[in-house]
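Undergrad: Please work out how this folds:
(chains A and B)
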Amino acid sequence: EVQLVESGGGVVQPGGSLRLSCAASGFTFSSYWMHWVRQAPGKGLVWVSRINPDGSSTDYADSVKGRFIIFRDNAKKTLYLQMHSLGDEDTAVYYCARDPYGDFGGNYFDYWGQGTLLTVSS
Amino acid sequence: DIVLTQSPDFQSVTPKEKVTITCRASQSIRSSLHWYQQKPDQSPKLLIKYASQSISGVPSRFSGSGSGTDFTLTISTLEAEDAATYYCQQSNSLPLTFGGGTKVEIK
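TA: Presented below is the predicted three-dimensional model:
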């Protein structure tokens, strides 16, 4: 059974940093593109970032480019999102999601974690 | 960026009725359109991929159609468990984008 379990959320002051983690199980993690998607309270879904299977290629939404870094540890089967210069607009539930494809990426999401809440507040 | 516009924003429907949700893209995305269901306090779930392809385990009352810029998600006979917000998402180009969502309420 595919499982994605996010952790690392919490309350951070504006300007602060935080690292989110997503532990994967039930599939060959190193073979799949992975994504982060976020959802502000009461709002819709917003794509944040993606990474290819070996971690050599990454992409970001403009809203987080230069502040967030996506990376992965395939030996630990874990996806990460390192976030810096956090602002109120980053308050959201952050989901990790699996891309169904391993070659070029399908750029959609067949499995999602339960999400972890980041609150940026002073 | 490709903008996806869903309509309606909200729909209140009686069980067994048919539900139709539309998603319009700001430019052609061929069939690179996917549908998700998100129930309250749950993570999204993939319902339909590539506009009309079914997903294993998803009830057959869910179907999708369309290509280019206009897409439709249809629930043939609504059940109480279908109360949720439905999102479309395009995979044609980065950044990946979602529609604003359609909330379906059971009368």
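Undergrad: Tell me the bridge partners for A:Ala23.
TA: A:Val5, A:Thr78 (DSSP bridges).
Undergrad: list the contacts for it?
TA: Shown in contact with A:Ala23 (C-beta atoms under 8 Å, 6 or more residues apart in numbering or on different chains): A:3-5, A:7, A:76-78. For the C-beta atoms, the positions are set from N, CA and C on the backbone; glycine is no exception.
Undergrad: State the pLDDT value of A:Tyr101.
TA: We have a pLDDT of 86 for A:Tyr101.
Undergrad: Let me see the mean pLDDT of whichever strand or helix holds B:Tyr86.
TA: With elements taken from DSSP states H and E, the one containing B:Tyr86 is strand B:84-90. Across strand B:84-90, the average pLDDT comes to 98.
Undergrad: what does stretch B:34-44 give?
TA: 97.
Undergrad: Only the buried residues of it, if you could.
TA: Across stretch B:34-44, burial judged by 16 or more other C-beta atoms under 10 Å in any protein chain shown covers B:34-38, B:43-44.
Undergrad: all strands in chain B, in order from the N-terminus.
TA: Secondary structure of chain B (DSSP state E): strands located at B:4-7, B:10-13, B:19-25, B:33-38, B:45-49, B:53-54, B:62-67, B:70-75, B:84-90, B:97-98, B:102-106.
Undergrad: Show residues contacting the first one.
TA: By that I understand strand B:4-7. B:21-26, B:86-90, B:97-102.
Undergrad: Need the distance between the two termini of stretch A:77-92.
TA: 24 Å (C-alpha to C-alpha, to the nearest Å).
Undergrad: no wait, stretch B:39-51
TA: Span of stretch B:39-51 from end to end, C-alpha to C-alpha: 21 Å.
Undergrad: Tell me the predicted confidence for the residue in chain A that chain B sits nearest to.
TA: Residue of chain A nearest chain B, by C-beta to the nearest C-beta: A:Asn107 (3.6 Å). Per-residue confidence (pLDDT) for A:Asn107: 95.
Undergrad: ok, the closest residue to it other than its chain neighbours - how many residues close by?
TA: Spatial nearest neighbour of A:Asn107, chain neighbours left out: B:Ser91 (3.6 Å); criterion: C-beta to C-beta, 6 or more residues apart in numbering or on different chains. Residue crowding around B:Ser91 was assessed by other C-beta atoms under 10 Å in any protein chain shown; the count is 23.
Undergrad: correct me, but B:Ser91 touches B:Ser32?
TA: Yes - contact criterion C-beta atoms under 8 Å: B:Ser91 and B:Ser32 qualify, at 4.5 Å.
Undergrad: Identify the contacts common to these two.
TA: A:Asn107.
Undergrad: how near is the closest residue to B:Arg24 other than its chain neighbours to chain A?
TA: Nearest residue to B:Arg24 in three dimensions, chain neighbours excluded: B:Thr5, at 4.8 Å (C-beta to C-beta, 6+ apart). Separation of B:Thr5 from chain A (C-beta to the nearest C-beta, to the nearest Å): 12 Å.
Undergrad: Give me the local confidence score for B:Thr5.
TA: 98.
Undergrad: Tell me which residue in chain B sits closest to chain A.
TA: B:Ser91 (3.6 Å).
Undergrad: show me what contacts that residue?
TA: A:106-108, B:29, B:32-34.
Undergrad: Direction included, what does the strand holding B:Tyr86 pair against?
TA: Paired strands of strand B:84-90, with direction, are strand B:33-38 (antiparallel), strand B:97-98 (antiparallel), strand B:102-106 (antiparallel) (DSSP bridges).
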